[in-house]
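Peer 1: sequence and predicted structure are below.
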Amino acid sequence: MRTALFLLNGFLLLGFFYLLIKLFTPTIPTIRAFGACSFLIIWLAISITNMTIGIMKAGYGIGEEFSIFLLIFLIPSLTGYWLWLKHFEI
């Protein structure tokens, strides 16, 4: 359940950055790359924090948590990459 909630939060964060980019692209053209990089950095930090908490407090092994980290980080990130390629042509 926790993994599904993190994935939902990742897509909500992606939607927030997508909306910001759509709104501000006519006035600030360079916001496309800035928004994409900002999303990836923030989402990577959140995913690493989740993995660290799982290892330290929940007692999971590094191998177990790393596979969940990859799932949580890559699905929203690859979706964001697809959106930026398709809609913003970076």
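Peer 2: Okay, I see it.

Peer 1: buried ones in the host helix or strand of A45?
Peer 2: Counting by DSSP states H and E, the element that carries A45 is helix 31-56. Of the residues in helix 31-56, 31-32, 35-36, 39-40, 43, 46-47, 50-51, 54-55 count as buried by neighbour count, 16 or more other C-beta atoms under 10 Å. All C-beta spots, glycine's among them, are computed from the backbone N, C-alpha and C.

Peer 1: quick one: L20 and R32 touch, right?
Peer 2: No: distance between L20 and R32: 10.4 Å, which falls outside the contact criterion (C-beta atoms under 8 Å).

Peer 1: re earlier: closest one of the buried residues of helix 31-56 to F69?
Peer 2: Taking C-beta to C-beta as the measure, F69 lies nearest M51 of the buried residues of helix 31-56, at 4.2 Å.

Peer 1: find the nearest non-adjacent residue to the closest one, please.
Peer 2: F69 (4.2 Å; C-beta to C-beta, 6 or more residues apart in numbering).

Peer 1: could you check how far the one you found is from G59?
Peer 2: 16 Å (C-beta to C-beta, to the nearest Å).

Peer 1: list the contacts for the residue most central in space within the chain?
Peer 2: Nearest to the geometric centre of the chain sits W43, at 3.7 Å (C-alpha atoms, centre = their mean). Applying C-beta atoms under 8 Å, 6 or more residues apart in numbering to W43 gives the contacts 10, 13-14, 73, 76-77.

Peer 1: which of these lies closest to H87?
Peer 2: L14 (12.2 Å).

Peer 1: close enough to count as contact, that closest one and W82?
Peer 2: No: counting by C-beta under 8 Å, L14 does not reach W82; the two are 10.5 Å apart.
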